[in-house]
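Chemist: prediction below, plus the sequence it came from.
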Amino acid sequence: MREEILSLLLGQKTDGIPVFSGLIHITADGLKSEGLLFNEIHHDAGKMAKAAASTFRLSSLPSAALPLDLCTPAEALGAELKFYDHETYQFPQPVKPLFASTKYLSAGYMESTDFVNKGRIPVICEAIRMLKEDIGNEIVTSGVIPGPYTLLLYLIEPGSLFAEMKREPNAVLDALFQLSSFLARVAQAYRSAGADFITIHDMGGSPGFIGPSKYEQFVFPTEKQLIEKLPKPVVLSVCGNATGCLHLLNKSGAQAISIDQTTDLTKARETLKDTLLFGNIDPVQTLWQGDEAQVAEAAQRAKEAGVDTVWPGCDLVIQTPIQNLKSLLEA
């Protein structure tokens, strides 16, 4: 299955429709099976690698993704993160905005420090290497990074950012391009460590969240620049309803576009003629809260609509039952 998925990502036809994920997909059952606590897995490379591998070990889903949160680049740039206790199952989040304005994210600031070797990025690279040594011949490994706009939301208070998007759009764009270049270096570090592909998870930059016009003005050009800097293959994951911007996603340069259940799957398939389409299983109502029959039905609908790969529309809810992931594979 690993070779089939890699072939698909590189544009080669495959016999079947693989089931896997390039987004974060760890589970409480997987952590329990490895004797891990949720608040332990973000700091220790060995525990991080075990957590990432646990879903495959329990369900046979042939993939793993690292890091296990999206805030790593923000932390490397200087943001303080809150790490929750193991019973909360909440991913790390910034304690407070790092900057008052996008103007602080100038070329001078971004070049002042070797940020790629700051924070947990070296730990994550070591975890990727350990994961590859452990099960790298059996699965595909995704290196996950936020999109530039999502990263900017972690660094600046959203209200201030929205105001600057109106008053000083060029300053915002400059900051986004600076972050795009930084994220490219982070992704390259993950690939060098052994990730098979990169997933850009631009949750905050979805046209469904900020609107199609803002997406076209601010997000799309910086996503496109980021993708141009990355080694292939690249998957661009867009949460929220992206139906109105499918024509832009088709021009992003990504080898695959991942969509969630709110985007019109039929229109996505019609528009993304020469781009792989991944999705679009609802991670909440179907994979977490649904039963095995509902999971199988959703997977079958996605296949009939023409997806190239069945995978979750977003990160898994930690409490997702392993049996539902098995059903996804068997559908």
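Modeler: Structure's in. What do you need?

Chemist: for the closest residue to Y154 other than its chain neighbours, phi and psi?
Modeler: For Y154, ignoring the flanking residues on the chain, the nearest one in space by CB to CB, 6 or more residues apart in numbering is A74 at 3.9 Å. For every residue, glycine as well, the C-beta is placed using N, CA and C. Dihedral pair for A74: phi -60, psi -40, per degrees, to the nearest 10.

Chemist: begin at 14 from here
Modeler: That works, and once the first residue is 14, the last one we named lands at A87.

Chemist: can you map out the strands along the protein?
Modeler: Applying DSSP state E to the chain gives strands spanning 76-79, 94-95, 106-107, 153-159, 210-214, 247-251, 269-272, 289-294, 322-325.

Chemist: include distance to D28 when you put the ones you listed into a markdown table, please.
Modeler: Conversion of the strands of the chain to a markdown table gives the following (distance: least, CB to CB, whole Å):
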| stretch | distance to D28 |
| --- | --- |
| strand 76-79 | 19 |
| strand 94-95 | 43 |
| strand 106-107 | 42 |
| strand 153-159 | 17 |
| strand 210-214 | 20 |
| strand 247-251 | 21 |
| strand 269-272 | 18 |
| strand 289-294 | 16 |
| strand 322-325 | 13 |
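
Chemist: out of those, flag the one nearest P31.
Modeler: strand 322-325 (5.1 Å; CB to CB).

Chemist: which residues does that closest one contact?
Modeler: For strand 322-325, the surrounding residues in contact (CB atoms under 8 Å, 6 or more residues apart in numbering) are 18, 21, 30-36, 38, 269, 271, 289-292, 294, 296, 300, 312, 315-316, 341, 344.

Chemist: sort out for me which of those are in helices.
Modeler: 18, 21, 312, 315-316, 341 (DSSP state H).

Chemist: any quick PyMOL command for the buried ones out of the residues you listed?
Modeler: Typed into PyMOL, the next command selects the buried ones out of those (criterion: 16 or more other CB atoms under 10 Å):
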select buried, resi 18+21+312+315+316+341
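
Chemist: need the CA coordinates for the lowest-mean-pLDDT helix or strand in the chain. CSV is fine.
Modeler: The element with the least model confidence among the helices and strands of the chain, by mean pLDDT, DSSP states H and E, is helix 120-123, at a mean of 88. Written as CSV, here are the backbone C-alpha positions of helix 120-123 (Å, rounded to 0.1, in the frame of the first residue of the first chain):
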residue,chain,number,x,y,z
ALA,A,120,12.6,40.4,6.6
GLY,A,121,14.9,41.7,9.3
TYR,A,122,13.1,39.8,12.0
MET,A,123,12.8,36.6,10.0
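
Chemist: list the buried ones in that helix?
Modeler: Those would be 122-123, for helix 120-123 by 16+ other CB under 10 Å.
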